[in-house]
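Colleague: build the 3D model from these lines:
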Amino acid sequence: MKIVLTRVALFAAVMVPTSIGGELLQQTAAPLVRRDRVGPTGYDEVKSYDVSTRTPRAIYQSTGRIPDEVEVSPEGNYVSFIEAVTSNSGVTRRRLVVIDPRGTVVRAIEDTQVGTYAWCCGSGIVAVIGGEPKEDGHIGFTPETVRLIDIATGVVQQLAGIEGLPYQLSWSAADSALYIKTLPTGGQSRVYRYDVRTKSVALTSRKGVFFSPDGRYYYDWYTPGMGFHLYRAVDDVEVTGELVSQVGRYTRWMPGAGHVLVVAEKPPPRPTDTRPERVIVVDSVRGVAQDRWNLAVDVETKRVTQRFQGDIRAWRTSGPVLPVERRTGVELVGPRRQ
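Modeller: Next up is the predicted model:
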């Protein structure tokens, strides 16, 4: 069946003020979306946020659960998420669902157990790690292959030349390459690079796959028992330094910045203070920490360039802005000009 797609702009361009430097940030026509918990069993709804009216609305109701964050394609014309659906026989499978900004399903990839994925390699292309269900282990499935799928046509390309079991994917726009990390074999992981221009896969000396927008730094994260590590791309030397004490679970590169890392701020230790630690207020229904403070850190100079309050995990969009949920609504934060 041929699927004809029409690019839909969900939101008109508007100017949204933020408290960062008194600047006005312009929201693109790309959708602003998040997963949300409707019932007590987990996340099972996708919502979009209209920045002009400052109100969310549901665009997709899941028949199962949405265990991971919702993503927006780089061009802004697709919204994607993994959906876990349990059959009548009690078997739960993870499929990748791609919808348009209005909530219409464009494609559901369910011929294999989807572990993780990343938008990459050209307009409307998604890289998927698939495999078979596995109950033990932190990723919940046995990874087998990396496939590139054209969402519009359904054409599939399987990447060859990867030894081991792939479990992390990340696209680096700086060098037009997809980086793939494998599970440790003999205590060591491998990182492969798929070059879109040459259509070739090669083993690299990289230690991780999450590259800064300018490609000069990258970090390794969620390696079992290894924590957070920051590396310089030119020579793969680790430069984590004091950042290791600042980085919590939720970390990401600031969109539109060269190499600015956004981390959740940790309160300083008070060994002689008997008062309870500062409480971060979390919305128990949606799991959003609206009162959390965040730091934007230039990883080259280790200097804090911005400090702002709100939850950076929930909302997703494409373009050079970071959606931040506060008690007053969603604000769009951009990099501070140096």
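
Colleague: hey, let's count contacts and neighbours off CA atoms from now on
Modeller: OK.

Colleague: which intervals of the protein have sub-threshold pLDDT?
Modeller: 1-29, 41, 132-142, 222-226, 244-249, 267-287, 337-338 (pLDDT under 70).

Colleague: show me where it has helices.
Modeller: 243-246 (DSSP state H).

Colleague: any idea how many residues pack against Ser176?
Modeller: When counting by other Cα atoms under 10 Å, one arrives at 16 neighbours for Ser176.

Colleague: for Asp236, that is, sorry about that
Modeller: A count of nearby residues for Asp236, using other Cα under 10 Å, gives 15.

Colleague: hang on, it packs against Arg206?
Modeller: Yes: between Asp236 and Arg206 there is a contact at 6.2 Å, judged by Cα atoms under 8 Å.

Colleague: what's Thr116 in contact with, if anything?
Modeller: Going by Cα atoms under 8 Å, 6 or more residues apart in numbering, Thr116 touches Ile82, Val128, Ile129, Gly130, Tyr167, Gln168, Leu169.

Colleague: quick check: strands, which of the residues you listed are part of them?
Modeller: In strands, judged by DSSP state E, the following of the contacts of Thr116 are found: Ile82, Val128, Ile129, Gly130, Tyr167, Gln168, Leu169.

Colleague: which one is Tyr78 nearest to, not counting chain neighbours?
Modeller: Spatial nearest neighbour of Tyr78, chain neighbours left out: Asp100 (4.9 Å); criterion: Cα to Cα, 6 or more residues apart in numbering.

Colleague: swap that for Gly258, sorry
Modeller: In this structure, Gly258 finds its nearest non-sequential neighbour in Asp214, 4.8 Å apart by Cα to Cα, 6+ apart.

Colleague: touching, that neighbour and His259? I think so.
Modeller: Yes: Asp214 is in contact with His259 according to Cα under 8 Å; the separation is 6.5 Å.

Colleague: what segments of the stretch 51-200 of the chain are strands?
Modeller: In the stretch 51-200 of the chain, the strands defined using DSSP state E, counting those that start in this stretch lie at 55-61, 71-72, 79-86, 92-99, 105-109, 113-119, 125-133, 141-150, 156-158, 166-172, 177-182, 191-195, 200-203.

Colleague: just say which of those is most tucked in.
Modeller: strand 71-72 (a mean of 25; mean count of other Cα atoms under 10 Å).

Colleague: partner strands of it and their direction?
Modeller: Applying DSSP bridges, strand 71-72 is found paired with strand 79-86 (antiparallel).

Colleague: before we move on, back to that, what about the residue nearest to Tyr78, neighbour count?
Modeller: Look at Asp100: counted by other Cα under 10 Å, it has 23 neighbours.
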